[in-house]
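In: Turn this into a structure:
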Amino acid sequence: MSRRRVVVTGLGLVTPVGIGVEESWSALVAGRSGIGPVTLFDASTFPTRIAGEVKGFDPEKYMEKKEARRNDRFIHFAVAAGEMAWKDSGLDVGKEDPERMGAIVGSGLGGLATIEETHATYMARGVRKISPFFVPSLIVNLAPGQLTMRYGMKGPSFSPVSACATGNHSIGEAMIYIERGTVDVMMAGGTEATITPLGLGGFCAARALSERNDAPEKASRPFDKGRDGFVAGEGAGIVVLEEYEHARRRGARIYAELAGYGATSDAYHVTSPAPEGEGGQRAMRMALADAGLPPEAVGYINAHGTSTPAGDVAECQAILQVFGEHARKGLRISSTKSMIGHLLGGAGGAEAVVTVLSLARGVLHPTVNVDEQDPQCPLDVIPNQAREVRVDAAMSNSFGFGGTNAVLVFKRI
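Out: Here you go, the predicted structure:
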């Protein structure tokens, strides 16, 4: 059986710079940061007191009040981004075979806020005060589960959990189901809502976060010599993937083709990347081979670009190894995280949406806060100003704790 082509027909975004695709995209192209002081809880005693929060989000716009109360914030984000993507795709539930649709949406930590709040309730008031909705409100697979129930999708529904690579793994695995003919339509991506005392505190304890509290908008600075750690973010990114002929028959607007997927492990260290990003190199090469493209065909990379001292250098080294001379002369890269922070399990989903828009609209958003570029990252990182550039193929990188790597390649159709 020949491999079926997979295209992107719907996009949904909830980010610290906007609720919705257009609001987020406009902010990113303008180079606006969504990072500021933490307001979701009192972080005054924390070494890091800044984050990329989603402001003004009302879950009751996307689900009934009772349902909103019974679900964690990470599920709220997934349902919102999923609804945006579904509406954008123009799909009609009544015209689709429910058994040939599914959802793969992951999260790095799931309902951490719900766990913290319920534990406090238990300690203060005992076991009988634990909500019967406690478990279904926090387990990761209820993000895609809620979407399948909403749209009557009876195909595959599950959640990869691979730290910061979760969103890319979700999209890549959904691609495989369509390629091999199991389904025709999949919703896929990632979601996260872990700006909580334990979430932020854990990363503070690991000394992974920027402590630039007096200048939050300047704190996330991938590839800059003065970077001092990443900034935690929250939100979701969801795409609707479709088999090409299925989309064409119904006259769908096609943003791009999802042409390649690569997934590898460093087998090296819990948190540090392998030397020269060796695992990331293999994932990039695998994704290119899967897409049937030479390195020179890629004009843009949406980098993992977290703003950590070791991670940014390892990614740049990996790109130089994979793309060779093209990396220095014809390739452009930028980091969405410079403006929205690191959405952890939601990062890959959001950045896939941004990568697709970059292809479709011929605009590459900047990496902001590059005041003095690190000489160990000798690439065109699109510093501080967006560019109008048409590219025919683009890559999105996601690398996670545990040495897990997932790379996607999109191309014009």
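In: Residue for residue, what is the longest helix this structure has?
Out: helix 73-89 (DSSP state H).
In: which residue ranges form the helices in the chain?
Out: Using DSSP H, helices in the chain cover 21-30, 65-69, 73-89, 112-125, 134-138, 142-151, 166-179, 197-205, 244-249, 278-291, 309-323, 325-329, 337-340, 347-361.
In: In a markdown table: those helices, plus mean neighbour count.
Out: (C-beta placed from N, C-alpha, C; glycine too.) Output for the helices of the chain, formatted as a markdown table (neighbours: other C-beta atoms under 10 Å):
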| stretch | mean neighbour count |
| --- | --- |
| helix 21-30 | 19 |
| helix 65-69 | 13 |
| helix 73-89 | 27 |
| helix 112-125 | 15 |
| helix 134-138 | 18 |
| helix 142-151 | 23 |
| helix 166-179 | 28 |
| helix 197-205 | 18 |
| helix 244-249 | 16 |
| helix 278-291 | 23 |
| helix 309-323 | 22 |
| helix 325-329 | 14 |
| helix 337-340 | 31 |
| helix 347-361 | 27 |
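In: For those helices, could you give me a markdown table that also reports distance to residue 260 and mean pLDDT?
Out: Below are the helices of the chain laid out as a markdown table (distance: least, C-beta to C-beta, whole Å; pLDDT from 0 to 100):
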| stretch | distance to residue 260 | mean pLDDT |
| --- | --- | --- |
| helix 21-30 | 23 | 98 |
| helix 65-69 | 37 | 96 |
| helix 73-89 | 21 | 98 |
| helix 112-125 | 33 | 98 |
| helix 134-138 | 34 | 96 |
| helix 142-151 | 23 | 98 |
| helix 166-179 | 9 | 98 |
| helix 197-205 | 31 | 98 |
| helix 244-249 | 15 | 98 |
| helix 278-291 | 3 | 98 |
| helix 309-323 | 13 | 98 |
| helix 325-329 | 17 | 95 |
| helix 337-340 | 22 | 98 |
| helix 347-361 | 12 | 98 |
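In: So which of the ones you listed is nearest residue 272?
Out: helix 309-323 (6.0 Å; C-beta to C-beta).
In: That closest one versus helix 278-291: what angle between them?
Out: Helix 309-323 runs at 40 degrees relative to helix 278-291, counting by axes from the mean of the first three to the mean of the last three C-alpha atoms, to 10 degrees.
In: Helix 309-323 - contacts with which helices or strands?
Out: helix 278-291, helix 325-329, strand 393-400 (3 or more C-beta pairs under 8 Å, 6 or more residues apart in numbering; DSSP states H and E).
In: so which of those gets nearest residue 258?
Out: Using C-beta to C-beta, the helices and strands packed on helix 309-323 put helix 278-291 closest to residue 258, at 8.9 Å.
In: now residue 315: how far from residue 265?
Out: 16 Å (C-beta to C-beta, to the nearest Å).
In: before we move on, what about residue 388?
Out: 38 Å.
In: For these two, work out which one has more neighbours and name it.
Out: Remark: of residue 388 and residue 265, residue 265 carries more neighbours, 14 against 9, as counted by other C-beta atoms under 10 Å.
In: Might you report the residue contacts of the residue nearest to that one when sequence neighbours are not counted?
Out: The spatially closest residue to residue 265, leaving aside those adjacent along the chain, is residue 403, at 5.3 Å (C-beta to C-beta, 6 or more residues apart in numbering). Residue 403 makes contacts with 265-270, 273-274, 279, as judged by C-beta atoms under 8 Å, 6 or more residues apart in numbering.
In: same thing but 10 Å
Out: Each residue near residue 403 by C-beta atoms under 10 Å, 6 or more residues apart in numbering is listed here: 163, 165, 264-274, 278-280.
In: Would you reformat the helices and strands packed on helix 309-323 as TSV and include distance to residue 214?
Out: Shown next, in TSV, are those (distance: least, C-beta to C-beta, whole Å):
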stretch	distance to residue 214
helix 278-291	33
helix 325-329	35
strand 393-400	29
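In: closest one to residue 193 among those?
Out: If we rank the helices and strands packed on helix 309-323 by C-beta to C-beta, the stretch that ends up nearest is strand 393-400, at 17.5 Å.
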